[in-house]
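>>> Predicted coordinates and the sequence they were generated for:
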Protein chains: 2
Amino acid sequence: MAIEGEASSTREAILVEARHCFAQNGYQGTSLNDIAAGVGIRRASLLHHFHSKDAIYQAVCRRALSDWADCIDEAVSGPVGEGWNYVDQVLTAAVRWFAQNPEFVRLVRHESLAAGDHLGFDLGMAIRPWFERAVNHFDREMGAGRFRKHDPEQLLISGYGAVLNYFSDVHFLESLLGRDPMTEDAIEARIEAIREFFRAALEP
Amino acid sequence: MAIEGEASSTREAILVEARHCFAQNGYQGTSLNDIAAGVGIRRASLLHHFHSKDAIYQAVCRRALSDWADCIDEAVSGPVGEGWNYVDQVLTAAVRWFAQNPEFVRLVRHESLAAGDHLGFDLGMAIRPWFERAVNHFDREMGAGRFRKHDPEQLLISGYGAVLNYFSDVHFLESLLGRDPMTEDAIEARIEAIREFFRAALEP
DNA sequence: GGGTATCTACCGACAGGTCGGTAGGCAACG
DNA sequence: CGTTGCCTACCGACCTGTCGGTAGATACCC
């Protein structure tokens, strides 16, 4: 259920360890030896389960994306509400999920930074349906006067940046703030700040 | 003057090409051959000017950081103003500089994602003085009632994410939006959106 | 002639990937 | 029951290519 879990089969163990390595050091920064060592087998044995490094990476990405899709689907599963409370509910669920799955966030960041070479998947295309749905929702709400008028696309891009950055650049924040940004208290404070900030910008 | 400029000496050409490569593909994803090919010399000739890959990277980082410091120093060089206009002025200058120096942004992103291995420099420590200065400014302004009350640290972290992300994840945005996010019009729209969003959140 | 800048040639380390082979589980068959 | 054949999981040895870095020769320039 949780994306950062334990392993049963060797294949599972490989996926878990590979996600950890790729999230930590990116595709280029991870060697098959690193993954194999983490699992406790040799490199040749890795390639018995996956026929290439690329195949491992894509499996990791596919799994991560599907976990995330589950989170979003669950968050928006109920009836579409109106006004701040509904947006707040979805936003909070998403942020909380990111906080619990920092490896996913770092994987995404590495992927979207990797740029030209489409390694794992086209992240933009994958997210697009949710993005457009959210844009339409904001359009409706702003049109109905329940939110102040902003460009919904720009708003979502800002939110995406403000949220994901916190969990991907943990090391940077630690040295900037001089404290651990991933303690339970710090995360709760961050969630609260994001909510307040968006509420301030959105509520009429 | 501009960070993305041309070269006079070979050493300069190396720094320019290296910044381009490191920004595009990160430290691990850039080989000395890549840089040398871009400059038009052999790898061994690179190492005549810089005694190691690390030395090149650190020189690039030092230069980039100092260029950015110049931008900030200039933006806050005048007398410290009050209220939204002053913040708006500094914010706009910073965003505009990021828009003109996307390689700097990608360099920073790669660096803050690289995490454990302090390759170039401690970015958090380097930015800290400006960060604290900004926190104090917001504290004063909020205390004086000229801004709505927020946690200044959280506010700045949100802003940092909302701003930098746009220029670092260009490829992601291109496939998400289905259009080029770096055209002049798109950038102006982005700047406007960021200003409006922060104004909405800050102004009482 | 003494530097400076560039080159070719080379090195050891390590990358991803292949190959041949081994140990053990398991079902079929005499 | 024993043996035969097949399968999965794993391993060590090896391949090719690329990496960062070094050494020495050469060409040019003051």
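That came through, no problem.
>>> Report the buried residues of the helix or strand A:F198 falls within.
In this assignment (DSSP states H and E), A:F198 forms part of helix A:184-202. By 16 or more other Cβ atoms under 10 Å in any protein chain shown, the buried positions in helix A:184-202 come out as A:186-187, A:190-191, A:193-198, A:200-202. C-beta: built from backbone N, CA, C; applies to glycine.
>>> And for stretch A:47-58?
A:H49, A:F50, A:K53, A:I56, A:Y57.
>>> Please apply the same query to stretch A:143-159.
Buried-residue list, stretch A:143-159, by 16+ other Cβ under 10 Å: A:R146, A:F147, A:H150, A:D151, A:P152, A:E153, A:Q154, A:L155, A:L156, A:I157, A:S158, A:G159.
>>> Quickly check: it near chain B or not.
Yes. In terms of Cβ under 8 Å from any Cβ of the partner chain, part of stretch A:143-159 sits within range of chain B, namely A:R148, A:H150, A:D151, A:E153, A:Q154, A:L155, A:I157, A:S158, A:G159.
>>> what sits up against that stretch?
With contact meaning Cβ atoms under 8 Å, 6 or more residues apart in numbering or on different chains, stretch A:143-159 is reached by A:82-84, A:91, A:131, A:134-135, A:138-139, A:141-142, A:194, A:198, A:201-204, B:162, B:165-166, B:173, B:177, B:189-190, B:193-194, B:196-197, B:200.
>>> Quick one: end-to-end distance for it.
20 Å (Cα to Cα, to the nearest Å).
>>> For it, what is the distance to the chain centroid?
22 Å (Cα atoms, centre = their mean, to the nearest Å).
>>> Check stretch A:12-28 too.
In terms of Cα atoms, centre = their mean, the centre of stretch A:12-28 is set 15 Å apart from its chain centre.
>>> Find the centremost residue of chain A, please.
A:V105 (3.8 Å; Cα atoms, centre = their mean).
>>> what's the angle between the strand or helix carrying that residue and helix B:102-114?
A:V105 belongs to helix A:102-114 when elements are defined using DSSP H and E. Angle, helix A:102-114 to helix B:102-114, by axes from the mean of the first three to the mean of the last three Cα atoms, to 10 degrees: 150 degrees.
>>> excluding its backbone neighbours, what's nearest A:P102?
A:F167 (5.1 Å; Cβ to Cβ, 6 or more residues apart in numbering or on different chains).
>>> got the buried residues for the host helix or strand of A:R62?
Using DSSP H and E, A:R62 falls within helix A:53-75. The neighbour-count check on helix A:53-75 (16+ other Cβ under 10 Å) flags A:53, A:56-57, A:59-61, A:63-65, A:67-68, A:71-72, A:75 as buried.
>>> One more: stretch A:135-144?
A:H137, A:F138, A:E141, A:M142.
>>> before we move on, back to that, which pair of the buried residues of stretch A:143-159 spans the longest distance?
Farthest pair in the buried residues of stretch A:143-159 (Cβ to Cβ) is A:R146 and A:I157. Separation: 21.1 Å.
>>> Point out the residues in chain A that sit beside DNA strand C.
A:T30, A:S31, A:L32, A:N33, A:D34, A:R43, A:A44, A:L47, A:H51, A:S52, A:K53, A:D54 (Cβ under 7 Å from any atom of the strand).
>>> quick one, what contacts the third one?
Just to be clear, that refers to A:L32. Counted by Cβ under 8 Å, 6+ apart, A:L32 has contacts A:R43, A:L46, A:L47, A:K53.
>>> Farthest-apart pair in the buried residues of stretch A:135-144, please.
Longest span within the buried residues of stretch A:135-144, Cβ to Cβ: A:H137 and A:M142, 9.6 Å.
>>> Low-confidence bits of chain A, can you list those?
Where chain A drops to pLDDT under 70, the residues are A:1-8, A:115-120.
>>> Can you show me the strands along it?
With DSSP state E, there are no strands along chain A.
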